[in-house]
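Asks: Turn this into a model:
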Amino acid sequence: MKFVVDESVESEIAYALRKNNHDVIYIAEGNSGIKDLWIIQEAFKLKYILITQDKDFGELVYRLSENHSGIILIRLHGLLPSQKTDLVLKLINDYEEEILDSSFIVLQKRLVRVRPK
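Replies: From the prediction side, this is the model:
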């Protein structure tokens with residue numbers, strides 16, 4: 001799969017995705033500080049799934065009707081980066097079909113919410 005990993009996400013997640021043969025653009029590696037609107041528009045144009053911890057992307061999608069190719073919103077407060085990484089990789093494995101269908105997915109410690117596009 002192809003992912004844009006927002007700068008709000010720990011580097012361990014981006015590196016683990018690459019290690020698992022996913023195509024990853026990690027915003028913190030050169031585009032730090034760019035606007036959320038640009039990120040979501042570029043991810044859509046390139047057909048990449050966005051991984052973020054920034055709830056503002058929900059506003060862009062649901063209030064401003066921005067198009068997207070799928071978004072994974074990570075809501076895993078209080079966990080170590082390694083624990084977050086494990087949960088993200090498990091989500092990608094368990095919810096591959098929903099991710100590829102451009103859903104908006106919220107990942108929490110004990111809950112995954114999927115909103116189809």
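Asks: switch to C-alpha atoms for all contacts and neighbour counts from now on
Replies: Fine.
Asks: show me the residues around the closest residue to Ala28 other than its chain neighbours that make contact.
Replies: Nearest residue to Ala28, sequence neighbours excluded (Cα to Cα, 6 or more residues apart in numbering): Glu7, at 4.7 Å. By Cα atoms under 8 Å, 6 or more residues apart in numbering, Glu7 lies in contact with 26-28, 32, 52.
Asks: Show me what the longest helix along the chain is packed up against.
Replies: Longest among the helix segments of the chain by residue count, using DSSP state H, is helix 81-94. Applying 3 or more Cα pairs under 8 Å, 6 or more residues apart in numbering; DSSP states H and E, we find helix 81-94 packed against helix 11-19.
Asks: ok, and the helix or strand in this protein with the lowest average confidence?
Replies: helix 96-100 (a mean of 89; mean pLDDT, DSSP states H and E).
Asks: List the buried residues for that one?
Replies: 98-100 (16 or more other Cα atoms under 10 Å).
Asks: Could you export that helix as CSV, CA atoms only?
Replies: The C-alpha trace of helix 96-100 is given here as CSV (Å, rounded to 0.1, in the frame of the first residue of the first chain):
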residue,chain,number,x,y,z
GLU,A,96,-6.9,-3.9,4.3
GLU,A,97,-10.2,-4.0,2.3
GLU,A,98,-11.6,-1.0,4.2
ILE,A,99,-8.4,0.9,3.9
LEU,A,100,-8.2,0.3,0.2
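Asks: what sits up against that helix?
Replies: Applying Cα under 8 Å, 6+ apart, the set of residues contacting helix 96-100 from outside is 49, 69-71, 92, 105, 114, 116.
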